[in-house]
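**Student:** need the 3D shape of this:
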Amino acid sequence: MIGLEYILGLYNMQHIELAEHLGIKKQNIHLWIKGKQNIPKKYLPILEEIFHVDADYFTKELDEIEKLEIQKEKLKKDLQPIIQKHEHVLSKGAEQLEKVPVYDKEEINTIERSIEKARIIQRFKESLEAADQHPFMDTYRILIELLEQAGTEIILHKTIQGLAHYLNVLPGDISTGEEQEEFEAALFEVLDDHNY
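**Tutor:** You can find the predicted model right below:
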């Protein structure tokens, strides 16, 4: 679905209403949505102003993450949330922590979590696609089993964090303190004892 069509549906706006706002015929909107005519560049800034989304979204086929991003912008416009605080989360590539806002409106926080989940799923799929290139498909099966059966167990979290430190995937300042360091030391000792 092209972005303009999705955005009009999200805003519950009819073609005629947008056409009137732009001072053009309804048929032009229809042609844009069907891809039979490009949206003239002079209308893109007006569309950005109306819908508060980047001009690129109007003319392209949207993926799920982009649809969620557009929903988030609409919610921000409707609810006008205030940032209550910032949380530090691991950035993509695990190079550093980044500040993520936490809003006073739970609807915004919920959609932020949905966007993050969609990004994680996308990265996992991309990683899984690469698994065809090497013999570690069983590792993915084990990870899924662990997440399904023990995803909330602290031992799983500590082990994964320990392995990430061991393999230099996490920055050194991401730790839960002495307890984590003791756990990691014990884990690494087991790995060394078994020649891993």
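**Student:** all strands of this protein, in order?
**Tutor:** For the chain, applying DSSP state E gives strands covering 83-90, 97-103.
**Student:** average pLDDT for the first one?
**Tutor:** Averaged across strand 83-90, pLDDT comes to 86.
**Student:** likewise for the last one?
**Tutor:** For strand 97-103, the mean pLDDT works out to 86.
**Student:** direction included, what does it pair against?
**Tutor:** Within its sheet, strand 97-103 is paired with strand 83-90 (antiparallel), according to DSSP bridges.
**Student:** how far off centre is the partner strand?
**Tutor:** Relative to its chain's centre, strand 83-90 lies at 15 Å (C-alpha atoms, centre = their mean, to the nearest Å).
**Student:** identify all contacting residues around it.
**Tutor:** Among residues not part of strand 83-90, those counted as contacts by C-beta atoms under 8 Å, 6 or more residues apart in numbering are 97-104, 170, 174. The way it works is simple: take the backbone N, C-alpha and C, and place the C-beta from them, glycine included.
**Student:** about what we covered before: let's have the strands of the chain in a markdown table, adding mean neighbour count.
**Tutor:** Below are those laid out as a markdown table (neighbours: other C-beta atoms under 10 Å):
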| stretch | mean neighbour count |
| --- | --- |
| strand 83-90 | 11 |
| strand 97-103 | 14 |
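**Student:** what's the closest of these to Ile33?
**Tutor:** Ile33 sits nearest to strand 97-103 of all these, at 32.1 Å, using C-beta to C-beta.
**Student:** how is this protein carved up into domains?
**Tutor:** Domains of the chain are assigned by automatic domain parsing as 3-62, 80-134, 135-196.
**Student:** for those domains, which one sits closest to Leu68?
**Tutor:** domain 80-134 (4.7 Å).
**Student:** quick one: pLDDT of the nearest residue to Lys74 once chain neighbours are set aside?
**Tutor:** The shortest distance from Lys74 to any non-neighbouring residue, by C-beta to C-beta, 6 or more residues apart in numbering, is to Leu10 (6.0 Å). The model reports Leu10 with a pLDDT of 96.
**Student:** does Leu10 touch Gln71 like I think?
**Tutor:** Yes - distance between Leu10 and Gln71: 6.6 Å, which falls inside the contact criterion (C-beta atoms under 8 Å).
**Student:** the residue nearest to Lys74: neighbouring residues, count only.
**Tutor:** As a burial measure, Leu10 scores 15 neighbours (other C-beta atoms under 10 Å).
**Student:** related to what we said a few turns ago, can you list the contacts of strand 83-90 in a markdown table and add distance to Trp32?
**Tutor:** As requested, the contacts of strand 83-90 are exported to a markdown table (distance: C-beta to C-beta, whole Å):
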| residue | distance to Trp32 |
| --- | --- |
| Leu97 | 42 |
| Glu98 | 36 |
| Lys99 | 38 |
| Val100 | 35 |
| Pro101 | 34 |
| Val102 | 37 |
| Tyr103 | 33 |
| Asp104 | 37 |
| Leu170 | 46 |
| Ile174 | 46 |
